[in-house]
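Enquirer: please find the sequence and the predicted model below.
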Amino acid sequence: MEESDLLALSAHGRVKFHEIDEYILWEGKAHGPYVYFIQHGTVSLWETTPQGEQLRDIRGVGDMLGLTRYNGSETSSYSAKATSDVVIYALPASDFGACVAKYPQAQRYVAAHMGVTPDYQPQDRRKGAHETFLYDTVGRREAAVCAPTDSLAEAARRMTEAGARAIAVVDSSGCVTGLLGGDAILQALGTPGFEPSLPVAGLMNRTPCILPADSTVSQCVLAMAEAGANVAAITEGGVSSGKLHGLITSADLTTAFGDQPGVILREISVARSMEALRGLQQRGRAFVLAQLESPSAVDWLARFTFLADVAILKRLARLFPPPVAGGFCWCLYGGAGRGESLPPAQQRCAILLRDPSMHLHFVGWYRVIQQALRECDYIARPAHYDDLYSVAGVEEWNRRFQGWITDPVANPMHHALPLFDMCPVMGDFGLYEELESNVNATIRKEHTFVRLLAHDCLSSLPPLTFYRDAVVEESGEQSNVFDLRKRALRPLVDVGRVFATAAGHALGGSTLERFQRARTLLPAHESIFREASDTLRVVLYLQARAGIRQHSGGTDLPPSLLSHHDRQILKIGFRSLHRLLEFTADSRWLEAA
């Protein structure tokens, strides 16, 4: 804030003193002419509920009161009571509002008191890849084109003239039928029988990666990674028949990144040693940390991390082959299965077997891969299940899930919940599909299972607030460590699992995808799940930032490491999470589903 504006604002302010237990604001009363800044002391916020007055927050030096007027509320949302002798600065609300409108950073500060936002970030930060459009990266450079019948020599000449690294192959009507990168031509030069006169059609990629013009750079990175492509076409509408706007290659993305995520994934696929894979795993996490400028970047970076981890796993399976080539399906579960494992924690894995007699052979292979993952610098964690249990025939897995669903007390279901996040990544996916079909069929017959899942979500509740460098519980108990996984991430994950199961998708899917299913299932309550999604992005952002920097799981966070803004966003998230848990536990929503 400019000094002149600060002086003008403070010129009309007042200093007020409140003794302990004196009320500063009253819930439901119209806002007065001032907003308040706490200069000394502590203030508690209370809300009237059917159960009586409930403590909602504790605020101290540097915090503000009375900001809800800026979200359209005509009355105070809480009663504010001094819990010690308090000195506050009272600033004219009209003057303060004018300053807020002038300064974007002040707008973000006020917004953080209104609700969870995944878009908060430093004022001077650069745009993230998920906010940068492809067309801005490609510019107005005209794409090189050729016909399928043109020779490779002609295609290379046109690429050279255009200064391009790739060429689009189009038919007589202008539709994109294929793409050809310069690297493909270079590789072909070293093969016996290569002739420059051969037609382009014999070398081009016949299933090209095509994206619409309004795609972001992050969408392009993921699409190219999943297609295993080095070049993508940008067309009108993202279809082969649309007008060609340009081509983009992995090398073109250098302007958007300090490193090239596509190159990292390709180098993983050809790494020749454990040392190389270890370096690439570390390089991938360093890339994620560099791009993690706001919680809104979590969506695409979590997907990139998932692709990188799966690529490493597949490369290890090439370096250390399984006992037999087929008859198994390697699955991830827990955070890895949901695609939400941004810190370099060791993946939780399970193997489904077609032939149970191969059990011990695959247990040995499973142990080799797990040891190799640790050598790739994934953080070892306590085993969720032992190796013998994690490898089993598909019929045995069916029996286990049936036991958890039909008799969750005799077969402690709460320990098995992460297995409901199971996702196939390697091998015979038909085994997983068989298991998934049987699980969904069993749940449809067992009507009480979803109610039990919903009830169990209340086993882990978020704290009340942060005060100074402590986490404060509703009981008043304080701790100097915030257990992010248990107190924020687990409740969100558990609730997402409930609504995905209710929607008929008991296995697999990210928590964000599950909340999207909940919004479709219960459109009247869309805002609850939208806030939950934003809270999850903030939690995963903080976990990833701490976990990658500290080479840990990022779950134990001292509040002293959280900025004032981080804490305020989390406090709003706690309230959103409480509302979500209360809604989930009230089974009346099942009648509307």
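Expert: On my side now, so go ahead.
Enquirer: so, low pLDDT: which residues of the protein?
Expert: Low-confidence segments of the chain (pLDDT under 70): 113-128, 135-141, 254-258, 592-593.
Enquirer: please parse it into its domains.
Expert: In the assignment given by automatic domain parsing, the structural domains of the chain cover 3-111, 133-254, 256-319, 322-393+413-433, 453-592.
Enquirer: let me have those in JSON lines, extended by mean neighbour count and distance to Lys445.
Expert: In short, each C-beta sits where N, CA and C put it, glycine included. Listed next are the domains of the chain as JSON lines, based on neighbours: other C-beta atoms under 10 Å; distance: least, C-beta to C-beta, whole Å:
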{"stretch": "domain 3-111", "mean neighbour count": "16", "distance to Lys445": "37"}
{"stretch": "domain 133-254", "mean neighbour count": "17", "distance to Lys445": "36"}
{"stretch": "domain 256-319", "mean neighbour count": "19", "distance to Lys445": "32"}
{"stretch": "domain 322-393+413-433", "mean neighbour count": "19", "distance to Lys445": "16"}
{"stretch": "domain 453-592", "mean neighbour count": "19", "distance to Lys445": "12"}
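Enquirer: what does Thr249 show for phi and psi?
Expert: phi -110, psi 170 (degrees, to the nearest 10).
Enquirer: show me where the stretch 51-200 of the chain has its strands.
Expert: Here the stretch 51-200 of the chain has its strands, by DSSP state E, counting those that start in this stretch, at 52-59, 64-65, 79-82, 86-92, 145-146, 166-170, 176-181.
Enquirer: which among the domains of the chain is found nearest to Asn440?
Expert: domain 453-592 (5.5 Å; C-beta to C-beta).
Enquirer: export stretch 467-482 as PDB, just CAs?
Expert: Extracted in PDB, the C-alpha atoms of stretch 467-482 (Å, rounded to 0.1, in the frame of the first residue of the first chain):
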ATOM      1  CA  TYR A 467      -3.400 -19.500  17.100                       C
ATOM      2  CA  ARG A 468       0.100 -18.100  17.100                       C
ATOM      3  CA  ASP A 469       2.300 -21.200  16.400                       C
ATOM      4  CA  ALA A 470      -0.200 -23.800  17.700                       C
ATOM      5  CA  VAL A 471      -3.000 -25.900  16.400                       C
ATOM      6  CA  VAL A 472      -6.100 -25.400  18.600                       C
ATOM      7  CA  GLU A 473      -8.800 -28.100  19.100                       C
ATOM      8  CA  GLU A 474     -12.400 -27.400  20.000                       C
ATOM      9  CA  SER A 475     -11.600 -28.800  23.400                       C
ATOM     10  CA  GLY A 476      -9.000 -26.000  23.800                       C
ATOM     11  CA  GLU A 477      -6.100 -28.500  23.600                       C
ATOM     12  CA  GLN A 478      -3.100 -27.100  21.700                       C
ATOM     13  CA  SER A 479      -0.400 -28.800  19.600                       C
ATOM     14  CA  ASN A 480       2.700 -27.500  17.900                       C
ATOM     15  CA  VAL A 481       2.300 -29.800  14.900                       C
ATOM     16  CA  PHE A 482      -0.600 -29.900  12.400                       C
END
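Enquirer: so which residues make contact with it?
Expert: 42, 55, 58, 60, 463-466, 556-560, 562 (C-beta atoms under 8 Å, 6 or more residues apart in numbering).
Enquirer: if we go to 6 Å?
Expert: By C-beta atoms under 6 Å, 6 or more residues apart in numbering, the surrounding residues in contact with stretch 467-482 are Ile58, Pro463, Leu464, Thr465, Asp556, Leu557, Pro558, Pro559, Ser560.
Enquirer: repeat for stretch 341-355
Expert: 285, 302, 305, 327-336, 362, 366, 373, 378-381, 384, 390-391, 393-394, 397, 431, 544, 547-548, 553-554.
Enquirer: can you flag which of those belong to helices?
Expert: 285, 302, 305, 362, 366, 373, 390, 394, 397, 431, 544, 547-548 (DSSP state H).
Enquirer: which of those sits closest to Phe499?
Expert: Using C-beta to C-beta, the shortest approach to Phe499 within the ones in helices among the contacts of stretch 341-355 belongs to Ala302, at 19.5 Å.
Enquirer: what's the most distant pair in the contacts of stretch 467-482?
Expert: By the measure C-beta to C-beta, Ile58 and Asp556 form the most distant pair in these, at 21.9 Å.
Enquirer: before we move on, the earlier item: redo the domains of the chain as CSV? Include distance to Glu446.
Expert: CSV is the format used below for the domains of the chain (distance: least, C-beta to C-beta, whole Å):
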stretch, distance to Glu446
domain 3-111, 33
domain 133-254, 35
domain 256-319, 31
domain 322-393+413-433, 11
domain 453-592, 11
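Enquirer: which one of those lies nearest to Val439?
Expert: domain 453-592 (5.2 Å).
Enquirer: how far off centre is the closest one?
Expert: Offset of domain 453-592 from its chain centre (C-alpha atoms, centre = their mean, to the nearest Å): 13 Å.
Enquirer: with adjacent residues omitted, what lies nearest to Trp444?
Expert: Just to correct that, residue 444 is Arg rather than Trp. Gly504 (7.6 Å; C-beta to C-beta, 6 or more residues apart in numbering).
Enquirer: using a markdown table, lay out the strands of the stretch 51-200 of the chain together with distance to Arg530.
Expert: Below are the strands of the stretch 51-200 of the chain laid out as a markdown table (distance: least, C-beta to C-beta, whole Å):
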| stretch | distance to Arg530 |
| --- | --- |
| strand 52-59 | 21 |
| strand 64-65 | 26 |
| strand 79-82 | 28 |
| strand 86-92 | 32 |
| strand 145-146 | 43 |
| strand 166-170 | 39 |
| strand 176-181 | 37 |
